[in-house]
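Asker: Structure for the following, please:
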Amino acid sequence: PESFEWLGQNVRYGSSLREIDLSWMSLRSDAGLAIIKEMGHNRSLRRINFSWNGLDDACAEAVAQVIFESAVDPSLEHDEDNPGIHTLDLSHNRFKQRGAMCISLAFQHLGGRESPLRVLDLSGNPLGEAGVRDCVRAALASQ
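Answerer: Sure, this is the predicted structure:
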């Protein structure tokens, strides 16, 4: 757990970090949460790959919080030099309907504000029919 907190702090303060690939790392909820909670504070980070891990709905809730805060928090304002996270690969984890609902609600509650996120991959997660429906609604609402 301490190593994940250390990694989370490096993600937060790594000002030259542009991309991080944590796929196939056997990350579970505690590790994912430590990293996800910090990733929204890094203005230089563009791509994050969390695919093929064991991240669950608690991590999806944290992702939703990061999506929402990165769009509404003026201290995290993005510009040409620091556009923010635009690609997030969460494929092949353990997100279920609740996780999909949290992420979709984050987009729906942006209230016209634009998220820097352009690519969100949730493929291979057991979202269920309702979870997929929530994601489609959020995608349509954000256009």
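Asker: Please make it C-alpha for all contacts and neighbour counts, starting now.
Answerer: OK.
Asker: Would you agree D89 is in contact with S51?
Answerer: Yes. Counting by CA atoms under 8 Å, S51 is a contact partner of D89 at 5.8 Å.
Asker: So these two - more neighbours on which side?
Answerer: S51 (24 against 19; other CA atoms under 10 Å).
Asker: Tell me the confidence at that one?
Answerer: Per-residue confidence (pLDDT) for S51: 98.
Asker: Surely M101 is in a helix?
Answerer: Yes. Counting by DSSP: H, G, I helix; E, B strand; the rest coil, M101 is found in a helix.
Asker: how about low-confidence regions in the chain?
Answerer: 1, 74-83, 143 (pLDDT under 70).
Asker: Please name the nearest non-neighbouring residue to the most centrally placed residue in it.
Answerer: Nearest to the geometric centre of the chain sits V63, at 3.8 Å (CA atoms, centre = their mean). Distances taken as CA to CA, 6 or more residues apart in numbering place I36 nearest to V63, at 6.4 Å, with adjacent residues excluded.
Asker: Please verify my assumption that that neighbour contacts A64.
Answerer: No. Counting by CA under 8 Å, I36 does not reach A64; the two are 9.9 Å apart.
Asker: Toward the C-terminus, what is the element adjacent to whichever helix in the chain runs longest?
Answerer: Across the chain, the longest stretch assigned as helix under DSSP state H is helix 57-72. Note on helix 57-72: by DSSP states H and E, the next helix or strand toward the C-terminus is strand 87-89.
Asker: now for that next one, which elements pack on it?
Answerer: strand 47-49, strand 119-121 (3 or more CA pairs under 8 Å, 6 or more residues apart in numbering; DSSP states H and E).
Asker: Tell me which of those strands sits nearest to V132.
Answerer: strand 119-121 (12.1 Å; CA to CA).
Asker: Contacts for the helix or strand just after the closest one, please.
Answerer: Going down the chain from strand 119-121, the next helix or strand is helix 128-141, by DSSP H and E. By CA atoms under 8 Å, 6 or more residues apart in numbering, the surrounding residues in contact with helix 128-141 are K96, Q97, R98, G99, A100, M101, I103, S104, L105, F107, Q108.
Asker: out of these, who has the most neighbours?
Answerer: A100 (26 neighbours).
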